[in-house]
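Chemist: Okay, predicted coordinates and the sequence, questions at the end:
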Amino acid sequence: MRTLSLLVNGEAVEVPEGATVGDVVAGVLEGADPKGVAVAVDRCVVPRSEWASTPARAGTAIEVVSASAGG
């Protein structure tokens with residue numbers, strides 16, 4: 001199986017060719033609820049409604065961040 005190299009939250013990651021941003025987010029969250037999560041690909045925010053249709057591309061930087069309460 002072929003893989004793609006990309007950066008996820010600043011770390012090098014290999015994902016299967018054909019993976020989507022949604023697949024990457026699922027891997028980062030490891031089954032946790034994606035409520036309060038935002039995603040940017042190469043510094044451009046990707047709406048949640050587009051995660052499943054946005055392909056992960058080799059060399060891109062994906063940031064997955066979650067909101068947290070407190071101070």
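Modeler: That came through, no problem.
Chemist: quick one: low-confidence ranges for this structure?
Modeler: Judged by pLDDT under 70, the chain has its weakly predicted residues at 71.
Chemist: which residue ranges form the helices in the chain?
Modeler: For the chain, the helices defined by DSSP state H cover 21-29.
Chemist: burial measure for residue 24, as a count.
Modeler: 23 (other CB atoms under 10 Å). All C-beta spots, glycine's among them, are computed from the backbone N, C-alpha and C.
Chemist: ugh, typo on my part, it should be residue 62
Modeler: As a burial measure, the neighbour count of residue 62 was computed by other CB under 10 Å and equals 23.
Chemist: Is there a neighbour count for residue 16? I'd like the number.
Modeler: Considering only other CB under 10 Å, residue 16 is surrounded by 11 other residues.
Chemist: before we move on, what about residue 14?
Modeler: With other CB under 10 Å as criterion, residue 14 counts 10.
Chemist: again with residue 2
Modeler: Each residue near residue 2 was counted by other CB under 10 Å, and the total is 6.
Chemist: List the contacts of it.
Modeler: The contact partners of residue 2, taken as CB atoms under 8 Å, 6 or more residues apart in numbering, are 16, 17.
Chemist: State the distance from it to residue 58.
Modeler: Remark: distance between residue 2 and residue 58 (CB to CB, to the nearest Å) = 10 Å.
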